[in-house]
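Student: Quick one, fold the following:
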Amino acid sequence: SFNLKEICETTAALIRDPNHDVMQTLPAPDFIGGCQIIYDESALRQVYETGKGGIKLRARYEYDKSANCIDVLSIPSTTTCEVIIEKIIDLVKAGKIKDIADVRDETGIDGLKITIDLKRGVDPDRLMAKLYRFTTLEDSFSCNFNVLIGGVPRVLGVKALLEEWIAFRIECVRRRTYFDRNKKAEKLHLLKGLEAILLDIDKAVKIVRETDEEAEVVPNLMIGFGIDEVQAEYVAEIKLRHLNREYILKRTAEIEALEKEIAELDEILKSKTRIKTIIVKELKEIAEKYGQPRKSIIIYEDIVSYTEEKDDVPDYPVNLFFTKEGYFKSTASSTQDLLHHHEGIVLQHGLAHLDGDGRHLAVLLRLNAVLHLHGLEDDDRVASLHLLAHGHLDTGDRAGQRCLDGVGRIDLGSGGSVVRRLLDELAQL
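Tutor: Residues are numbered from 1 along each chain as shown. Model (predicted):
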């Protein structure tokens, strides 16, 4: 849905200028629930031009510091309070969110409200960032403007829809004007018949009184005053008490005003510009009478962008070991001696040498798997990985060449290219 006032302003602007950019006066839809709209110009322009696409909606919330709770005051129109609360409960039970003490629906006469009680020391903005990601507090509204035009189903963009409405409204105003013009012309015709008997009221009374049959009254009036049947019928239906000069003068005084109005309506029917002016005027009146401020707040991507923070992990020394059996193992310094006692350690490497995201370690593990799969002897495999783990990654130097020589001592087939690709990948880290 869209805001009525913005729609009226946009339609009026299109009537004045067919090349008007509708996004200037119609920035985004407006939902009755009052949720937030994440502004994405490319996505909105696609909806406006094609009639299809999606718009991201986000719930609006406030943090009550005194009660240490979050009050969700509006939600996307694509979801319900029950769905949101049920999803939050599932997340808490699954252990994905541990910062919520309670959640309940407090919707009442004051409007929608979902209250989320927080545990002590919880950052409300950080929690809402998680809830936006894992629940329908942030959702996408799909648009499909499928309409019937001339009985044919079509999908139109916003501008095309407004243009179709303008064409329809022009025809409506023309037909309305034509109807009003005909009604006024009919009234004018009757009043001119009434004006005719003003010259001799006594003659009209005499004709009615001296006519023998009721069916002859209208024909006799037509003959006596030179008026047509419709006018004669109107005169014959006038009450006797109204057959006085004052009543007739009062009614016939409308003739001049009616003639001016009919002439004005004829000019409107001849001019499409006059019809458009009437439509613009009516749109302005509707906007002033029924227009309301936007309920959905528009927010921009740079404001709503957030980065999910990683949970804090205790920082302690860890060592990586490679055993004779071809396994990688990690252990804290306190258990290092125990591992040395039970395992044959052939390679020890501090994790401090590996980059934080573990890419270095991941490539080492993949390389070990390839070498083991293609039957490289344990000693050669261990020696190769030892060089790699200590940073000798340049396959052009002697250390790297020894690694390749050790790999090349068996026929790896297609595995050889895989190994070299992994070596190159390590070299780039």
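
Student: Tell me the secondary structure at residue 154.
Tutor: strand (DSSP: H, G, I helix; E, B strand; the rest coil).

Student: Check whether it really touches residue 146, as I assumed.
Tutor: Yes. Between residue 154 and residue 146 there is a contact under C-beta atoms under 8 Å: 7.5 Å. Any C-beta I mention is one placed from the backbone N, CA and C, and that applies to glycine too.

Student: Who has more neighbours out of the two?
Tutor: Per other C-beta atoms under 10 Å, whichever of residue 154 and residue 146 has more neighbours is residue 154, with 14 against 10.

Student: got a pLDDT number for the more buried one?
Tutor: We have a pLDDT of 91 for residue 154.

Student: Quick one: residues contacting the spatially closest residue to it that is not a sequence neighbour.
Tutor: Excluding its sequence neighbours, the residue lying closest to residue 154 (C-beta to C-beta, 6 or more residues apart in numbering) is residue 147, at 6.2 Å. Contact analysis of residue 147 by C-beta atoms under 8 Å, 6 or more residues apart in numbering lists 153-156, 161, 164.

Student: Drop anything exposed from these.
Tutor: 156, 161 (16 or more other C-beta atoms under 10 Å).

Student: Just give me the closest of the contacts of residue 147 to residue 89.
Tutor: Checking the contacts of residue 147 against residue 89 with C-beta to C-beta, the nearest one is residue 155 at 39.2 Å.

Student: in the sheet, who's paired with that closest one?
Tutor: Beta-bridge pairing for residue 155 (DSSP bridges): residue 146.

Student: Wait, it touches residue 51, no?
Tutor: Yes. Under the criterion of C-beta under 8 Å, residue 155 makes contact with residue 51 at 4.5 Å.

Student: between the two, what contacts are shared?
Tutor: 144-146.

Student: Redo those as CSV? Include pLDDT and distance to residue 45.
Tutor: Shown next, in CSV, are the shared contacts of residue 155 and residue 51 (pLDDT from 0 to 100; distance: C-beta to C-beta, whole Å):
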residue, pLDDT, distance to residue 45
144, 90, 16
145, 91, 14
146, 91, 19
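
Student: quick check, nearest of these to residue 168?
Tutor: residue 145 (15.6 Å).

Student: show me where pLDDT drops low in this structure?
Tutor: Applying pLDDT under 70 to the chain flags residues 301-429.

Student: and the residue nearest to residue 154, how far is that from residue 153?
Tutor: Per C-beta to C-beta, to the nearest Å, residue 147 is found 7 Å from residue 153.

Student: How about residue 27?
Tutor: As judged by C-beta to C-beta, residue 27 and residue 153 stand 28 Å apart.

Student: Repeat that for residue 195.
Tutor: Distance from residue 195 to residue 153, by C-beta to C-beta: 55 Å.

Student: Kindly report the same for residue 142.
Tutor: Counting by C-beta to C-beta, the gap from residue 142 to residue 153 is 18 Å.

Student: mind listing the helices for the stretch 151-300 of the chain?
Tutor: 158-197, 201-210, 217-225, 229-236, 245-252, 254-270, 272-290 (DSSP state H, counting those that start in this stretch).

Student: Switch those helices over to a markdown table; also include distance to residue 36.
Tutor: Output for the helices of the stretch 151-300 of the chain, formatted as a markdown table (distance: least, C-beta to C-beta, whole Å):
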| stretch | distance to residue 36 |
| --- | --- |
| helix 158-197 | 20 |
| helix 201-210 | 75 |
| helix 217-225 | 72 |
| helix 229-236 | 64 |
| helix 245-252 | 62 |
| helix 254-270 | 45 |
| helix 272-290 | 24 |
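
Student: which stretch among the ones you listed comes nearest residue 71?
Tutor: helix 272-290 (30.2 Å).

Student: Show me what the closest one is packed up against.
Tutor: helix 4-16, helix 158-197, helix 254-270 (3 or more C-beta pairs under 8 Å, 6 or more residues apart in numbering; DSSP states H and E).

Student: Run the angle between it and helix 254-270 for me.
Tutor: 100 degrees (axes from the mean of the first three to the mean of the last three C-alpha atoms, to 10 degrees).

Student: Show the contacting residues for residue 18.
Tutor: residue 163.

Student: Helix, strand, or coil at it?
Tutor: coil.

Student: Phi and psi next, for it.
Tutor: phi -60, psi -20 (degrees, to the nearest 10).

Student: Distance check, it against residue 167.
Tutor: 12 Å.

Student: which residues does residue 244 contact?
Tutor: Residue 244 touches residue 201, counting by C-beta under 8 Å, 6+ apart.

Student: Next, work out how far apart it and residue 197 are.
Tutor: On the measure of C-beta to C-beta, residue 244 and residue 197 end up 12 Å apart.

Student: go on, residue 170?
Tutor: 42 Å.

Student: who's more crowded, those two?
Tutor: residue 197 (23 against 16).

Student: Contacts only, for that one.
Tutor: Contacts of residue 197 (C-beta under 8 Å, 6+ apart): 203-204, 221, 225, 235, 248.

Student: Tell me how many other residues crowd residue 162.
Tutor: 20.

Student: my guess is it contacts residue 15, does it?
Tutor: No. Counting by C-beta under 8 Å, residue 162 stays clear of residue 15, with 9.2 Å between them.

Student: So residue 146 is in contact with residue 153, correct?
Tutor: Yes. Using C-beta under 8 Å, residue 146 is in contact with residue 153, at 6.1 Å.

Student: list the contacts for residue 215?
Tutor: Contacts of residue 215 (C-beta under 8 Å, 6+ apart): none.

Student: same thing with residue 112?
Tutor: Applying C-beta under 8 Å, 6+ apart, the residues contacting residue 112 are 33, 72-75, 81.

Student: In CSV: the residues you listed, plus neighbour count.
Tutor: Below are the contacts of residue 112 laid out as CSV (neighbours: other C-beta atoms under 10 Å):
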residue, neighbour count
33, 19
72, 24
73, 17
74, 23
75, 27
81, 16
